[in-house]
Every structure is written in structure tokens, then in C-alpha cells.
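Engineer: When you get a sec, could you give me coordinates for this:
(2 chains)
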Amino acid sequence: MLGGMIAVTMHKLVPLPLAILFAVVLTMIVGAVIEIVFIRWLHKPSVLRMVIITIGISILIREIALHIWGESVRALPYFTGSSVSSINLGGVYISSQVLWVVGIGALAVAALTAFFGLTMLGRQMRACAANRDAARLCGIDAKNMVTLSFVLSAAIGAIGGCVVCPITYVQYDSGTQLAIKGFTVAILGGLGNSTAAVGAGMILGILESFSIWVLPTAYKEAISIAILLAILFVKPSGIFGSAEAARLKEF
Amino acid sequence: MERKHFAIAGFAGLIVAIQLATRLTGTEYFLTQLTMTAYYSLVIVGLCMLIGYAGQISLGHAGFFAIGGYVSAFLTTFDLKSHHGAFISLMERSGALVSRQDIYGGTLLTVHPWIACAAAILLTVAVAYLVGGPVLKLKGHYLAMATLGIGIIVYRIVLGTEFLGASDGISEVPGFPLPGGLVITGDSSSRISNYYLAWGVVILGMVLLLNLIRSRVGRALAAVHGAEDAAGAMGIPTARYKLHTFVLSAVFASLAGVLLTHFNGGIGPSEAGVMKSVRYVAIVAIGGMANLWGALSMSLVLNYLSLRGYFGTYDDAVFGVILILIMMFAPDGLLRRHLLSDLKRLVSRTPAGEEAP
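Structural biologist: Residues are numbered from 1 along each chain as shown, chains lettered A, B, ... in the order given. The predicted structure is shown next:
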């Protein structure tokens, strides 16, 4: 939400790519500030405590956004083409923005996989997730890793907001829905597995879209949450995650 | 008299004092908000029981509040006159239906408020049992997200359902008749009686909860909160106690929803919103988690200020900030029993007990 909103505002002043870049950087800074101010100095916070704090922060951001931008719905222009133009892909007409969304999504997953698998920093972060104390014994600064993960996820969230908002539009309260959906997808895919999360996201999207065949459109949002509940009840490790991996994580 | 009785008597005295103060200062219109505050307080003491004593968080209590309010509102406003059937005529003959005039002078045949209230509570109990079983098996942030999800589902359903008024909600809900000619209604002529009725319900709820805490169940819950595995090993049916507390607090929320809907004469989807649930949790947190009196007094102050509009457009933000600050600096709640010794420890700078991960 923040990413989309900032990009829309900046687009009035600077060209689109620059506006998006600015939005992503600013959102990353906000993410870092939130982590440093609210989370970093807590002594061994329980996950529940962190969840409640972040829910509080999200309410705060929402309210601030309401006071800055008001209640109006905004959107970025389409990156290429316009809302009526489409591209013919083997007989199927697709809006060009959809291709942008899919492309950038794929790029983000590839980048994340490379980051966690190939770079030293990514491996350090994974070590922290698996066993914080052991990671610290190996000389990894766990606190910096948490800050970094906040920055990273803020950046991806902002990119996502920018790419999607020409289609879905953006408003001061569009973040909450996305947060719930994001959590659903993360659980569905098994936490800490970005490739599986993409698969889970697609399953969720398809289920949600097809649900309007049998249920009124107004219930669409409820479907994704019902799926979240069902997953939590039946298989909290996610459909792609292994039970052992979930047990290793201390929640 | 025990200490508990003193506290209840003191609180009842406070309620009377507030009423007398508004009478003396000629500000009796405050009583309307104070009555609404009472019903919200009922939700909060129920939630306090769940969070503070059973140690289970719920970010979906506005959902239960809305179930109560909406079922009651729907049943008492839906005109059955054009519907015929064996069931309806049976209900009519047994006195379960009442006929009344609507604002346009036409007659309405609707379900009696008492029957509607019973239906609302029954549905809440059913829903709470149904979702409570699997939900309470979860821990930590999974529990928080699952209860949040339940709240959002209720919100989406009331928002998306045509016969529940969609985004307009249900209005023209009649008053709730009580024996002795009393009616729960927002009518300004019965403002004082409603004020006392509402707080009377809260005090009854408090007596029930205070007795529960001091009973075998309360001690068992304290053990569950302290160390669930150890409590289980001692033979306490932890899952059953947690579930029953969950259902009880849901019923508190639902009853508050029913009564407030009759008082306000209507209900809208915002009552089911996530912000309401977060607000309830924030008030329980600032009241000191396992401190019913703290939660009640904080609810009285904060709900009243919020309903009078003192927070202006920053209403939600205020509760968000409260929640963040409490969770950062006092995760066990602010107004708790050992507040004084905590402050002393803070001053003398000895490290506090470490929180379990």
C-alpha cells in the first residue's frame, strides 16, 4: 500500500521508473525504521508479541496514510500501453500490465532464490531463521539480519504494490487485505520458501476467482481467509512444507 | 464481607456517583455514551477472562459481537406477515412472534426480542464451539491470525449479505422489553433506567467472572496459563477449559451485541470490523491482561472518550498506539497487581525476569 501510494504521488513530479524507485527506497527506509524503533531492542520478544506490535504498526501506518492521502482511490498508469490495449499471445488477449506483474513476480522469486542460495548474506539469514543462537555463535549479527529481512520484505512489498496498483488501484486501507492474504499464502506454501509461496499464491488466486461461480462476489475475501483457517487446522506446516521443517522453527 | 464484595459495591457506588454527577451538572446526555460504554465493557471483561486468565488471544471478538447484534436485529425487524407455514403459525400461537407498528404506520410481524436474543446466543455458542475446538489448538501468532481471520469472515459476510443490509446495516430495531415495564431502548426519556440496566448487566457479568476465577475452574485456568504442559500432566483437561472459556467470552460479546443493538436501534458492519477487535484487545492489554477490574475501569474511560469523540479522526490510531506501547514496554499489561514492585525494580535498575521465547 505504502509503495503504491508513494509511487502515485511521486509520479506527478518525476517519470514513472524514477517514481517507483523512489517509492521502493522510501518504503525500505520505513521498514528499517520500524524494525529499529519497535522491534530491535526488545529482549527476546515472543513471536506473538511481535505480531501484535506489527498489527498495531500497520494500523498506525494506515491512519497516517489516511491523513496524508485521504480516502480517494488512486492508481499508477499502465507501464506500457493503456487499460484498453492488450497483447495477443497465441490467440489470447492479455493486458500488458498483467505480463508486467507476472514478469516482475518471477524476477523477484528468482532474485530471492539466488540471494538465499548463493550469497553469503542470504545464507547467514537462513542460518538465523533455523537457529538464532547457533548463528550468533558463528559470528552472525542476528539483529542486523532481522533488520535486513524487514527491509527486504518492505522492498518486495513496495515493488508488488507499484506493479499491481495500475490494475487493482490503491487506497489507504488496501494494505490490511493484502497482509492477510500474504500471510495465508506464506502459510499455505510453508514459511520460508519463496518458490512454494508463488505456487500457493496461484492456487489461492485461482480458488478465489472461481469461488464467484458458486458464491456472491462479496464473499470473495472471506474465501481466502477460510482457506487460511482450513490450512491452519489441518496442516499448519503448509501444503508444500514438510512437518519436520515446521517443527524446527520455534514459534 | 470479603474484599471482592467491597470492590463490587465500590464500583456500583461509582456508577451511581457518575449518574448523580451528570444530574447535578445538567449533562445527562452523557449517559447515552456511558450506556454504550457499559455494553462494550461487557465484551471487554469477557475477553479479559480469555486473554488474561486462560492465556489465549482472540483478535476476532468483534465477530461474535456482530453475530449477536445481527441475529437479534434481523429477527426483530424481518416482517413475517407475508410468510405462511406451519412453523410460523405455530410460533405465532405460542407467542414467539409480536406484532407492532413500523414508522410508516404499517403493521410488522416479527420475532419476539427474547426469542431473537436466545437464537443469537445459541448461534454464538454453536459457532464458538465449532471454531474454538480447532482454533485453540493453535499457539502464538497462528492463534492470533486464525481468530483475526474468523473476525474478518464475519465482517465480510455481514458486509456482503443483502438481507443483513450490506454496508448500511440494519436499522429500526425495536426496544428490548424487560419485566417490570422496563425497555432497553435509546429513547431519551428512559435514559437513566437504561444506564442502570446496562451497568447492572456488567456488574452481574463481573460477579460471575470473579466467582469463576476463584473457583476450581479459575485455578485450573491459572495453571493452564502458567504452564500448559504441566497443567495437563496434573490431570487438568486443558483443552476443555480453554474451549469453555472461549465460548463464555464469545457469549459475553454476543450478549453485549444483542443489547447494544436494541439500545442503538440498529447495527452496522463496522461493529464487526477488525479495528473493533483490536480495540478490545488493546483495552484488555492496558487494563493489565489478568486484571478484570483494570480492564473494566480502562474500558469505562477509553470507550467513553472514544464515543464522545475526544480522539477525533485519530480514533483508531490512538488504540493502535496504545497496543504498540503496551506490547513494547509492558507485555503483561499495564495495570497489574505487581505494578508497584515493578516500578521499584525499574528505578533500582535490577533486570526484570526474562520473558520466555
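Engineer: per-residue confidence at the residue positioned nearest the centre of chain A?
Structural biologist: For chain A, residue A:157 is the residue whose C-alpha lies nearest the centre (CA atoms, centre = their mean; 4.3 Å). For residue A:157, the pLDDT comes out at 83.
Engineer: what helix or strand is it on?
Structural biologist: Applying DSSP states H and E as the criterion places residue A:157 in helix A:142-168.
Engineer: for that helix, packing partners?
Structural biologist: helix A:2-11, helix A:16-34, helix A:96-118, helix A:120-130, helix A:132-137 (3 or more CB pairs under 8 Å, 6 or more residues apart in numbering or on different chains; DSSP states H and E). For glycine as for every other residue, the C-beta is placed from the backbone atoms N, C-alpha and C.
Engineer: shaky segments in the chain?
Structural biologist: Here I'm looking at chain A. A:1-5, A:7-14, A:43-45, A:47-48, A:81-85, A:173-175, A:190-194, A:235-251 (pLDDT under 70).
Engineer: oops, chain B please
Structural biologist: B:1-2, B:81-86, B:90-96, B:100-107, B:332-357.
Engineer: before we move on, the earlier item: following the helix holding residue A:157, which helix or strand comes up?
Structural biologist: By DSSP H and E, the next helix or strand past helix A:142-168 is helix A:174-189.
Engineer: Any residue of that following helix touching chain B?
Structural biologist: Yes - using CB under 8 Å from any CB of the partner chain, helix A:174-189 reaches chain B at A:176, A:180, A:183, A:187.
Engineer: For those, pick the one with the most neighbours.
Structural biologist: Neighbour counts for the residues of helix A:174-189 next to chain B (other CB atoms under 10 Å in any protein chain shown) peak at residue A:187, which has 24 neighbours.
Engineer: Roughly how far does that one sit from residue A:91?
Structural biologist: Going from residue A:187 to residue A:91 by CB to CB, to the nearest Å gives 37 Å.
Engineer: and the stretch 201-350 of chain B, which residues reach chain A?
Structural biologist: B:274-275, B:278, B:281-282, B:313-314, B:316-317, B:319-321, B:323-324, B:327-328, B:331.
Engineer: Can you flag the buried ones in these?
Structural biologist: Neighbour-count burial (16 or more other CB atoms under 10 Å in any protein chain shown) applied to those gives B:274-275, B:278, B:281-282, B:316-317, B:319-321, B:323-324, B:327-328, B:331.
Engineer: which one among the residues you listed gets closest to residue A:42?
Structural biologist: residue B:328 (6.7 Å; CB to CB).
Engineer: Just the closest residue of the stretch 101-250 of chain A to chain B, please.
Structural biologist: residue A:218 (2.5 Å; CB to the nearest CB).
Engineer: measure that residue to residue B:159 for me?
Structural biologist: Residue A:218 is 7 Å from residue B:159, by CB to CB.
Engineer: With residue A:22 instead?
Structural biologist: 35 Å.
Engineer: More neighbours: those two, which one.
Structural biologist: residue B:159 (21 against 17).
Engineer: how many other residues sit next to residue 199?
Structural biologist: Since you didn't name a chain, this refers to chain A. Residues near residue A:199, counting by other CB under 10 Å: 15.
Engineer: try chain B instead
Structural biologist: 25.
Engineer: Look up how far residue A:168 lies from residue A:181.
Structural biologist: Separation of residue A:181 from residue A:168 (CB to CB) stands at 12 Å.
Engineer: just to revisit the earlier point, out of the buried ones among the residues of the stretch 201-350 of chain B next to chain A, which are inside helices?
Structural biologist: B:274-275, B:278, B:281-282, B:316-317, B:319-321, B:323-324, B:327-328 (DSSP state H).
Engineer: and which of these is nearest residue B:146?
Structural biologist: Looking across those and measuring by CB to CB, the closest to residue B:146 is residue B:274, at 13.6 Å.
Engineer: does the closest one really touch residue B:151, like I thought?
Structural biologist: Yes - between residue B:274 and residue B:151 there is a contact at 6.0 Å, judged by CB atoms under 8 Å.
Engineer: Show me the common contact partners of the two, please.
Structural biologist: Here residue B:274 and residue B:151 have B:59, B:62 as joint contacts, going by CB atoms under 8 Å, 6 or more residues apart in numbering or on different chains.
Engineer: Which residues are in contact with the closest residue to residue A:140 other than its chain neighbours?
Structural biologist: Take residue A:140 and drop its neighbours on the chain: the residue closest to it by CB to CB, 6 or more residues apart in numbering or on different chains is residue A:124, 4.7 Å away. Residue A:124 sits next to A:135, A:140, A:145 when contact means CB under 8 Å, 6+ apart.
Engineer: ditto for residue B:151
Structural biologist: B:59, B:60, B:61, B:62, B:63, B:272, B:274, B:277.
Engineer: which one of these sits closest to chain A?
Structural biologist: Nearest member of these to chain A, counting by CB to the nearest CB, is residue B:274, at 6.7 Å.
Engineer: one step back: so which of the contacts of residue B:151 comes closest to residue A:205?
Structural biologist: Once CB to CB is applied, the member of those that ends up nearest residue A:205 is residue B:274, at 22.3 Å.
Engineer: mind exporting stretch B:137-155 as PDB, just the C-alpha atoms?
Structural biologist: Only the C-alpha atoms of stretch B:137-155 are listed here, as PDB (Å, rounded to 0.1, in the frame of the first residue of the first chain):
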ATOM      1  CA  LYS B 137      -5.100 -26.000  19.400                       C
ATOM      2  CA  LEU B 138      -3.000 -23.300  17.700                       C
ATOM      3  CA  LYS B 139      -0.500 -21.200  19.500                       C
ATOM      4  CA  GLY B 140       1.200 -17.800  19.300                       C
ATOM      5  CA  HIS B 141       0.800 -16.000  16.000                       C
ATOM      6  CA  TYR B 142      -1.100 -18.800  14.400                       C
ATOM      7  CA  LEU B 143      -3.800 -18.300  17.000                       C
ATOM      8  CA  ALA B 144      -3.800 -14.600  16.500                       C
ATOM      9  CA  MET B 145      -4.100 -14.900  12.800                       C
ATOM     10  CA  ALA B 146      -6.800 -17.600  13.000                       C
ATOM     11  CA  THR B 147      -9.000 -15.500  15.300                       C
ATOM     12  CA  LEU B 148      -8.400 -12.400  13.200                       C
ATOM     13  CA  GLY B 149      -9.500 -14.500  10.200                       C
ATOM     14  CA  ILE B 150     -12.700 -15.500  11.900                       C
ATOM     15  CA  GLY B 151     -13.500 -11.900  12.700                       C
ATOM     16  CA  ILE B 152     -12.800 -10.900   9.000                       C
ATOM     17  CA  ILE B 153     -15.000 -13.700   7.700                       C
ATOM     18  CA  VAL B 154     -17.900 -12.400   9.900                       C
ATOM     19  CA  TYR B 155     -17.200  -8.900   8.700                       C
END
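Engineer: Distance from that stretch to the middle of the chain?
Structural biologist: 17 Å (CA atoms, centre = their mean, to the nearest Å).
Engineer: In the stretch 51-200 of chain B, which residue sits closest to chain A?
Structural biologist: residue B:160 (2.5 Å).
Engineer: wait, that residue sits on residue A:218?
Structural biologist: Yes - using CB under 8 Å, residue B:160 makes contact with residue A:218 at a distance of 2.5 Å.
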